[in-house]
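In: with the sequence up front, the predicted model follows.
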Amino acid sequence: MLNSKSLSNLLQSSHTDKLSEKLEKISVNEKIKLVRQAKGLTQESVAEKLGMSVTTYGDIERGDKDLKLSRLQEIADALDIKASELLDLTDKAVLNVCLNKKAGNDNKITVYFSSDGELEKLQMQLEMKDKELAMQQREINLLEQKIADQQKIIAFLENKT
């Protein structure tokens, strides 16, 4: 079972393969808890939105209570995500956990879901941006060389007069 302490330990380690392996095995109730925590919500606030007791909501997060689809939809709405993102029935949903480190601040966990197609699209966009940056760097290098050559010509002409 993936709890917030073990997730925090995984995120702080450099073992991203271990994190990915652990996240592949995450259950619906664990996803619910992880999303709630990532959004900075308390069990109390979510339980209140759902009109249930904190104990009942805690049972759901621990996996002690089976969920009907209607209740899962209500929880998803309360967490402002799609129920299908919690279900992962097609094996095409990918749980992405990003660790954003900001100087002077505690680590912030951001949880988002995306389909394989969306993830591939984002990866392609990132590759294109990397190629664009590389081309811009080559252009900068060429311009710097051109400036250096022109400075040599200017220096030569100044010495000739």
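Out: In hand now; what should we look at? Numbers count the residues shown, from 1 in each chain.

In: low-confidence ranges, the protein, go.
Out: Along the chain, the parts satisfying pLDDT under 70 run over 1-25, 88-118.

In: can you give me the helices in it?
Out: Along the chain, the segments classed as helices by DSSP state H run 4-12, 16-24, 28-38, 43-50, 54-62, 69-79, 83-87, 116-160.

In: and the ones you listed as JSON lines, adding mean neighbour count?
Out: Glycine gets a C-beta too; all of them are placed from N, C-alpha and C. What follows is these, written out as JSON lines (neighbours: other CB atoms under 10 Å):
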{"stretch": "helix 4-12", "mean neighbour count": "14"}
{"stretch": "helix 16-24", "mean neighbour count": "13"}
{"stretch": "helix 28-38", "mean neighbour count": "20"}
{"stretch": "helix 43-50", "mean neighbour count": "16"}
{"stretch": "helix 54-62", "mean neighbour count": "16"}
{"stretch": "helix 69-79", "mean neighbour count": "16"}
{"stretch": "helix 83-87", "mean neighbour count": "18"}
{"stretch": "helix 116-160", "mean neighbour count": "10"}
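
In: shouldn't residue 34 be in contact with residue 26?
Out: Yes - with contact defined as CB atoms under 8 Å, residue 34 and residue 26 form a contacting pair (7.3 Å).

In: how near is residue 56 to residue 36?
Out: When CB to CB, to the nearest Å is applied, the distance between residue 56 and residue 36 equals 14 Å.

In: check residue 54 too.
Out: 12 Å.

In: tell me, what's touching these two both at once?
Out: Here residue 54 and residue 36 share the contacting residues residue 43, scored by CB atoms under 8 Å, 6 or more residues apart in numbering.
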